[in-house]
Structures are given as C-alpha cells and as structure tokens.
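*Asks:* any chance you could fold what I've pasted below:
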Amino acid sequence: MAGEGKFIDGLMVGNVTVKGTVSGDGNDASAIVALTATATLTAAQSGKIFTLGTAGGFTVTLPAPAAGLNYQFFVKVAPTTAYIIASAGSANKIYGVVASAEDAAGSVGCAAASDTITFVANKAIIGDSVKLVSDGTNWYATGFCNVQDAITLTQAT
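*Replies:* Numbers count the residues shown, from 1 in each chain. Now for the predicted structure:
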C-alpha cells in the first residue's frame, strides 16, 4: 500500500526519496584535522573536527564570523601550556557555556562578549571539547570538560 513502510533487516522503512548519489559508510577521515602548531582557520575548513595535540600548547585563530561556519576542537594531548582559540581581530564575539563534570551536580560557566577560549594548562585533559557555530555576527560556543575551569571564555582585550 502507498504511504506504508516495510520491514527491511528488522527496520521499518517508509517512503524515501534520494536525489543525487549516496555512497560510503558514513565515515569521513578527512573531517578530522590534527593540529600541533599555531594555525589560522579558514571558512573552507568549516565543519572540520580539530584535535589539539601538542603538550606545549598553541593558538588557533578563527575566521571572521559568517553564517553557518562551525568548528569542533578536542584535546588529544593534555596541555602543559594552554591551547587558545581566539576570535579574529580580538573582536568580543564569542558567547557560550562550558559544563564541567567535576562534581556530582556539574558546574556550568557562562560567558558573554568574549574573544578567547582557553583550554587551561595542567587542567584540560584528553577529551575536553568545544564546538563553535556562527550566525554571521557572533560565535556561539558549547564546551565540556572534566575538571572545573579547564576551559575558560574570557576577554583578552
């Protein structure tokens, strides 16, 4: 019957229309970028996942906000010197929340009009992360860390 689904391999499948080509297994190794030194990101790198992988730390500069740009950062090597994510031109355009799992209730830090996200030296650990999304005017950050204040959002200028 039209409009009803069928069971295929135990899954209910309804009407699906596919335009274009569907291929691959959903894994995209090119979406992961290992950073080990200071970098300035471009709009072309939007959608990438960046691993931060040098204990000595470094700075990553975001491009100017543009609608739809998004980046994710994960600590791969716990820093002994901070990893810093900075807005372009030190514009105070990062807003967001960082949640910590350190205590039973969890801790949440909020930031408004920031220009710097810091993965704090000797506090941030492997797996701590921040996701950034832009609406064309600002950056919106969501972060998760294990230790309270291992990720901070501040105004450098």
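
*Asks:* between its first and last residues, how far does stretch 63-74 reach?
*Replies:* From its first residue to its last, stretch 63-74 covers 19 Å (CA to CA, to the nearest Å).

*Asks:* select the helix or strand of the protein having the lowest average pLDDT value.
*Replies:* strand 11-13 (a mean of 45; mean pLDDT, DSSP states H and E).

*Asks:* quick check: what element follows that strand along the chain?
*Replies:* Using DSSP states H and E, the next helix or strand after strand 11-13 towards the C-terminus is strand 32-35.

*Asks:* which other helices and strands contact that next one?
*Replies:* Helices and strands touching strand 32-35, as assessed by 3 or more CB pairs under 8 Å, 6 or more residues apart in numbering; DSSP states H and E, comprise strand 49-52. Any C-beta I mention is one placed from the backbone N, CA and C, and that applies to glycine too.

*Asks:* hmm, who's touching stretch 42-58?
*Replies:* 31-39, 60, 63, 66, 68-84, 119, 121 (CB atoms under 8 Å, 6 or more residues apart in numbering).

*Asks:* just the buried members of the residues you listed?
*Replies:* Among the contacts of stretch 42-58, the ones that count as buried by 16 or more other CB atoms under 10 Å are 35, 60, 63, 69, 71-75, 77-79, 82-84, 119, 121.

*Asks:* which ones among those are found in strands?
*Replies:* 35, 60, 71-75, 83-84, 119 (DSSP state E).

*Asks:* farthest-separated two in those residues?
*Replies:* Gln72 and Ile84 (16.1 Å; CB to CB).

*Asks:* JSON lines please, covering the ones in strands among the buried ones among the contacts of stretch 42-58 and showing distance to Lys48 and pLDDT.
*Replies:* Conversion of these to JSON lines gives the following (distance: CB to CB, whole Å; pLDDT from 0 to 100):
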{"residue": "Leu35", "distance to Lys48": "10", "pLDDT": "97"}
{"residue": "Val60", "distance to Lys48": "11", "pLDDT": "97"}
{"residue": "Tyr71", "distance to Lys48": "6", "pLDDT": "98"}
{"residue": "Gln72", "distance to Lys48": "8", "pLDDT": "98"}
{"residue": "Phe73", "distance to Lys48": "10", "pLDDT": "98"}
{"residue": "Phe74", "distance to Lys48": "11", "pLDDT": "98"}
{"residue": "Val75", "distance to Lys48": "16", "pLDDT": "98"}
{"residue": "Tyr83", "distance to Lys48": "16", "pLDDT": "98"}
{"residue": "Ile84", "distance to Lys48": "18", "pLDDT": "96"}
{"residue": "Phe119", "distance to Lys48": "17", "pLDDT": "97"}
